[in-house]
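Undergrad: just need the structure, nothing else, for what follows:
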Amino acid sequence: MKEYADERRNARECNIGIGDQVLVTNLRKENKLTTTFGKDIYTVVGKKGNRLVVVDPNGVRHSRNVSQVKLYHSPGDNQDDKVVPDGERELDAEGVPDPEPSVAVQQRPRRSTRTTQRAEYVYKL
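TA: Alright, predicted model coming up:
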């Protein structure tokens, strides 16, 4: 029964572990333009069930639920943004370079329009 309920709710295990850097939600929002997560980066020092103990940059410990934290990815961790020097292309599994991507600009189809003719009395003024 629990497996069925978890599947219906899309429940999944928390992937945050001890030593990870996280962002914590703003519990007191000043206005509607305030960000959901704060700008400070916290470090996880303890975990029990769905409860995390995090330490802020000043050394103060806070206890938060995993739903109130989000894993922090530093800007240098992005694996998708590979810089390939000019003249070199990535090789596929067989060692053959991938073909150059063709840039095909497709124009959106235009809706047909009628040309209107002005009445003759407009031109006689």
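
Undergrad: helix or strand: which one has Val122?
TA: helix 120-123 (DSSP states H and E).

Undergrad: what about that helix, average pLDDT?
TA: Per-residue pLDDT over helix 120-123 has a mean of 71.

Undergrad: I'd like the numbering to begin with 25 instead of 1 from here.
TA: Got it, first residue is 25 now, which makes that one helix 144-147.

Undergrad: show me how far that helix is from its chain's centre.
TA: 59 Å (Cα atoms, centre = their mean, to the nearest Å).

Undergrad: ends of stretch 74-89, how far apart?
TA: 6 Å (Cα to Cα, to the nearest Å).

Undergrad: cool, and stretch 32-44?
TA: Termini of stretch 32-44 sit 29 Å apart (Cα to Cα).

Undergrad: got the buried residues for that stretch?
TA: 40, 44 (16 or more other Cβ atoms under 10 Å). Bear in mind the C-beta positions are built from the backbone N, C-alpha and C, glycine included.

Undergrad: measure how far it is from the centre of its chain, please.
TA: Centroid separation for stretch 32-44 versus its chain: 17 Å, with Cα atoms, centre = their mean.

Undergrad: which outside residues touch it?
TA: 29, 46, 67-71, 74, 76, 90, 93, 95-96 (Cβ atoms under 8 Å, 6 or more residues apart in numbering).

Undergrad: change it to 6 Å
TA: In this structure, residues lying in contact with stretch 32-44 by Cβ atoms under 6 Å, 6 or more residues apart in numbering are 68, 71, 90, 95.

Undergrad: for stretch 86-103, same thing?
TA: Counting by Cβ under 6 Å, 6+ apart, residues outside stretch 86-103 touching it are 38, 40, 45-49, 61, 65, 74, 76-78.

Undergrad: the same query, at a cut-off of 7 Å, please.
TA: 38-40, 44-49, 61, 65, 74-78, 80 (Cβ atoms under 7 Å, 6 or more residues apart in numbering).
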